[in-house]
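Asker: Sequence first, predicted model second:
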Amino acid sequence: MQLTEMRPDFERADGVLAGVEPREWLFRGIVGGAALFVFVVIIAMIYELTRQAWPAIDAFGLGFLTSTTWNPPSEQFGAAPFIIGTLVTSSLALVLGTIIGVGSSLFLVEVAPRCVRLPVSYTVELLAAIPSVVYGLWGVFVLGPWIQHTAGPFIVRWFGWLPWVEGPALGVGVFEAVLILTIMILPTIVAISRDVIGAVPRSQREGILALGATRWEMVRIAVLPYARSGILGAAILGLARAIGETLAVALVIGNSTQVPDSIFSPAYTMASVIANQFREAENDMHVAALIYIGLLLLIITLLVNAGARLLVWRVTKGQITTVIE
Amino acid sequence: MMAGDRATQTPSPATPSAPEAAVEVERLSAWYGATAAVRDVSLTIPARQITAIIGPSGCGKSTLLRCINRMHEVAKGARVEGTVRVDGEDIYAAGVDAAVVRERIGMVFQRPNPFPTMSIWDNVGVGPRLLGMRGSVLSDVIESSLRKSGLWDEVGAKLRTPAIELSGGQQQRLCIARCIAVKPEVILMDEPCSALDPIATIRVEDLMRELAREYMVVIVTHNMHQAARVSDKTAFMLAEDRDGGRLIEFDATDSVFTGPADRRTEEYVTGRFG
């Protein structure tokens, strides 16, 4: 029996579907609509944010990005402290989280016996399910005092010669926010990089072992390069979470509108300033400025994602990769 | 030792005083977890020859091969008993580093496994670099390895391109070049042609004969014709009960294929089973 007998719809010599079944149209409509919906939502958000932020955009222009003044009563607004706070906390958390996350993934895949691997994996994944306010409260009541009394003085004493390391540690500030964010993005990074490291074929590991490599050399030469685009993807997802995290950061970062000059200074992030000040905005310009920050946050997120995609594409150009992207 | 028994057929070594690396396997058994793969195998593999290990699927021939460079133990739950001596040294003795064993005993795998993130050049250079070679020493080794594996004329102009852009047969010869770049004494090949087309297979077989002038080559193969074509000696293994593969016969390839001593060998080489 030929296909054409069963489905006369498809009969056409040039290979184009002449007529498509109604069910086929329904399917196309649903998935096409879903895809369009996402696109429309983003466009609508940009439009609406721009419209509502317009008074601030009109008044401050691009100078808003570089101005460090945030003075609601006198209607002087600049977003630099928040942009700096967001970029500094999330990029430091990204670095720490990637190092710790990839390290523990390597441990889980390469070193740990099964009886350790499974419980640790589940525990790490459980971290992802804890609400961010819980992290924030833990930061306020446990992490903050510990840094204020123990870790902070120690770091200032021994590493005070480094730039941006100055005391005293207050118990709230950039350092606390970075640690909280690191812990919050770890489950994402560990879960994904554990999978991509585990997916490196045995033939690749044995190929380098057969040349006389030690286990560490195997990881460095065969495993990590093979898994790198997947690990990069994991780091990007972690970064996205760190940039957008609001509540936990708002609780521990100290909420200061000054540009931080030390890792122990209190600071602010874009997301947390919006959350804290939006309801109690003092005037219309204040509201517009906060929405302007929201618009910038959206743009930064889009840029980070686009840049990350570009990076993944460049790193993996011309190579077989079996990972997520 | 049986190193000299076919000396008339093998070219004399460049330095006659150099020890002939022979591999002596003694009462070797290997397991994966509770499953026995190899049972009580003893044989002495001569230097500068090609020894083929044949037998039906699941007879433990690959496992035996992987015991010779301690690759078996990489698998989870793997266990080995017995001894393997290379030049008289027990590679399973306490204090012997598996990485050092694998430097001396190279391996080529069933499927070509070049490192996909590396260029052709780096694929060959990665082993010597582990040994600390740099600069012109390194580039000389890379060039001579590629020449020996017959790849230089084909890839000499594109050494910086990714290795995975090569054809399957070229990739396998690249893996052979990568293996000989660390100057091993023994080259183990685990069904090296099973993923290759006939033309590429012939090229690799020619290469094996070239390599046998300098190295001991041990090849595991599914293909009896290949064993008959390339090898000097042939070992036939069989797992009759569920207790791991045993060595049934080990002799000169001609005898194994034309006048086997064991009935089971004869049935296998004449194609009655397997």
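Answerer: Nice, I can see it.

Asker: Mind telling me what element the residue of chain B found nearest chain A is part of?
Answerer: Of all residues in chain B, residue B:103 sits closest to chain A, at 3.2 Å by Cβ to the nearest Cβ. All C-beta atoms are positioned from the backbone trio N, CA, C, and that covers glycine. If you go by DSSP states H and E, residue B:103 is part of helix B:98-104.

Asker: thinking again about what came up before, now for the residue of chain B closest to chain A: which residues touch it?
Answerer: A:211-212, B:131, B:182, B:184 (Cβ atoms under 8 Å, 6 or more residues apart in numbering or on different chains).

Asker: low pLDDT regions in the chain?
Answerer: Reading this off chain A. By pLDDT under 70, the weakly predicted segments of chain A are A:1-20, A:316-325.

Asker: I was thinking of chain B, sorry if that wasn't clear
Answerer: The model of chain B has pLDDT under 70 over residues B:1-21, B:274.

Asker: what does it put close to chain A?
Answerer: B:69, B:71, B:74, B:99-100, B:102-103, B:106-107, B:109, B:111, B:113-118, B:126-127, B:130-131, B:162, B:164-165, B:175, B:178-179, B:182 (Cβ under 8 Å from any Cβ of the partner chain).

Asker: Quick one: buried ones out of the residues you listed?
Answerer: Neighbour-count burial (16 or more other Cβ atoms under 10 Å in any protein chain shown) is assigned, among the residues of chain B next to chain A, to B:69, B:71, B:74, B:99, B:102-103, B:106-107, B:109, B:111, B:113-118, B:126-127, B:130, B:162, B:164-165, B:175, B:178-179, B:182.

Asker: among the residues you listed, which are in helices?
Answerer: Counted as lying in helices by DSSP state H, out of those, are B:99, B:102-103, B:126-127, B:130, B:175, B:178-179.

Asker: Contacts only, for residue 100.
Answerer: Picking chain A for this. A:182, A:186.

Asker: try chain B instead
Answerer: So residue B:100 contacts residue A:212 (Cβ under 8 Å, 6+ apart).

Asker: cool, and residue A:223?
Answerer: By Cβ under 8 Å, 6+ apart, the neighbours of residue A:223 are A:106, A:110, A:197, A:200, A:204-205.

Asker: same thing with residue B:36?
Answerer: Contacts of residue B:36 by Cβ under 8 Å, 6+ apart are B:29-30, B:242-244.

Asker: residues of stretch B:230-241 that come out buried?
Answerer: B:230-239.

Asker: want to try a markdown table for the residues you listed, with secondary structure and distance to residue A:295 as columns?
Answerer: Converted to a markdown table, the buried residues of stretch B:230-241 look like this (DSSP: H, G, I helix; E, B strand; the rest coil; distance: Cβ to Cβ, whole Å):
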| residue | secondary structure | distance to residue A:295 |
| --- | --- | --- |
| B:230 | helix | 71 |
| B:231 | coil | 73 |
| B:232 | coil | 77 |
| B:233 | strand | 77 |
| B:234 | strand | 76 |
| B:235 | strand | 74 |
| B:236 | strand | 76 |
| B:237 | strand | 72 |
| B:238 | strand | 74 |
| B:239 | coil | 70 |
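
Asker: could those be laid out in CSV, adding distance to residue A:164?
Answerer: CSV is the format used below for those (distance: Cβ to Cβ, whole Å):
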residue, distance to residue A:164
B:230, 66
B:231, 68
B:232, 70
B:233, 70
B:234, 70
B:235, 67
B:236, 71
B:237, 66
B:238, 70
B:239, 66
